[in-house]
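**Student:** need the 3D shape of this:
(one chain, ligands or ions: 1)
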Amino acid sequence: MAILKIARMGHPVLRQPAAAVADPASAEIQRLIADMKDTLADAEGVGLAAPQVYVSQAVMMFFVPPSRTAADEDDDGVPLTVLINPEIEAIGEETVGGWEGCLSIPGLQGYVSRWARIRYRGLDAKGQRIEREAGGFHARVVQHEYDHLMGVLYPDRITDHARFGFVEELRRHPSAID
Ligand code: NI
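**Tutor:** Numbers count the residues shown, from 1 in each chain. Below you'll find the model as predicted:
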């Protein structure tokens, strides 16, 4: 078990597109996945991408707690999912705004527009193909983690910078961001 250091915004590893994984079964990738799980649990996050632990490889993981699933969404939570070499496509044109945070940008939150529904594909930790459709928070977390593999961070996608700030302040002044 190893808890890895998490790179913070400003470190170039977060801006570098991640390389495709050649062999998901390799000891190196299996170790990375195990360490990323430990790191995500320790940080109490919902998603983590390998560049956030200074490894520029296309590995990401996420889960959706049942509490983050709205009543009108079809996902009743999603267990921890490892995705290697993922691909994403939008289903339809609809976008939806929502608040996001990031373990690489501690203490801040921003309001970001994302595709409302997506289809994603990739390999799981055993190298088996995964293909799923997602909406709601599930779609949001997958797009956020996928962005990390492209060297994109959520502030890049903020259009209304009044809706970007420290979580503490945003909670203290909710009327300012309605
Ligand atoms: Ni992030």
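
**Student:** which element, helix or strand, includes Asp147?
**Tutor:** In this assignment (DSSP states H and E), Asp147 forms part of helix 136-150.

**Student:** packing partners of that helix?
**Tutor:** Under the contact definition 3 or more CB pairs under 8 Å, 6 or more residues apart in numbering; DSSP states H and E, helix 136-150 sits against strand 47-49, strand 59-64, strand 78-90, strand 95-100, strand 108-115, strand 117-123. In this view, the C-beta of every residue, glycine as well, is placed from N, C-alpha and C.

**Student:** now tabulate these in TSV and tack on mean neighbour count.
**Tutor:** Converted to TSV, the helices and strands packed on helix 136-150 look like this (neighbours: other CB atoms under 10 Å):
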stretch	mean neighbour count
strand 47-49	25
strand 59-64	24
strand 78-90	17
strand 95-100	15
strand 108-115	20
strand 117-123	19
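
**Student:** output those as JSON lines; include the columns distance to Ile6.
**Tutor:** Below are the helices and strands packed on helix 136-150 laid out as JSON lines (distance: least, CB to CB, whole Å):
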{"stretch": "strand 47-49", "distance to Ile6": "8"}
{"stretch": "strand 59-64", "distance to Ile6": "14"}
{"stretch": "strand 78-90", "distance to Ile6": "17"}
{"stretch": "strand 95-100", "distance to Ile6": "16"}
{"stretch": "strand 108-115", "distance to Ile6": "14"}
{"stretch": "strand 117-123", "distance to Ile6": "22"}
